[in-house]
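**Student:** What would the 3D arrangement of this be:
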Amino acid sequence: MTLTVGGPEGTDTAIRVGFITVEPTEPPPPPIPGDFDGDGDVDLLDWAAFQERMKAPSEDPTLAGWYIFDLDSDYDVDLSDWSQLQKVMTGP
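**Tutor:** Okay, here's the model as predicted:
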């Protein structure tokens with residue numbers, strides 16, 4: 001997690017109430033494996049999100065939140081993960 005303190009004059013090291021923003025550096029995992037859009041089911045919208053992020057095994061799934069698409073926990077997003085996604089798909 002990154003803590004950035006800023007105000008009207010820019011970034012500062014002094015903490016001032018009302019000017020603190022906290023931005024997570026990686027997204028939280030989905031509550032249901034494969035439910036990437038968080039709507040409570042695993043459907044074609046989730047497949048579309050998965051398809052955009054599917055990469056060769058040499059890609060690092062921890063970069064930019066890719067780890068949530070690593071459904072088989074083998075540190076890549078590939079056809080094995082697609083197979084896992086198919087098993088949990090519940091809707092159109």
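**Student:** Out of the helices and strands in this structure, which is least certain?
**Tutor:** The weakest-scoring helix or strand in the chain, judged by mean pLDDT, DSSP states H and E, is strand 2-7 (a mean of 58).
**Student:** And the helices in this protein?
**Tutor:** For the chain, the helices defined by DSSP state H cover 44-53, 79-88.
**Student:** Adding mean pLDDT, write these out as TSV.
**Tutor:** As requested, those are exported to TSV (pLDDT from 0 to 100):
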stretch	mean pLDDT
helix 44-53	89
helix 79-88	92
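**Student:** Please name whichever of those helices is nearest to Pro33.
**Tutor:** Minimum separation from Pro33 across those (C-beta to C-beta) falls at helix 79-88, 6.1 Å. For every residue, glycine as well, the C-beta is placed using N, CA and C.
**Student:** Check which helices and strands that closest one sits against.
**Tutor:** Secondary-structure packing of helix 79-88 (3 or more C-beta pairs under 8 Å, 6 or more residues apart in numbering; DSSP states H and E): helix 44-53.
**Student:** Show me which positions of the helix it packs on end up buried.
**Tutor:** For helix 44-53, a neighbour-count test (16 or more other C-beta atoms under 10 Å) marks Asp46, Trp47, Ala49, Phe50, Arg53 as buried.
**Student:** Tell me which residues touch the second one, please.
**Tutor:** If a contact means C-beta atoms under 8 Å, 6 or more residues apart in numbering, then Trp47 has Leu85, Met89 as its contacts.
**Student:** Sweet, I'm off.
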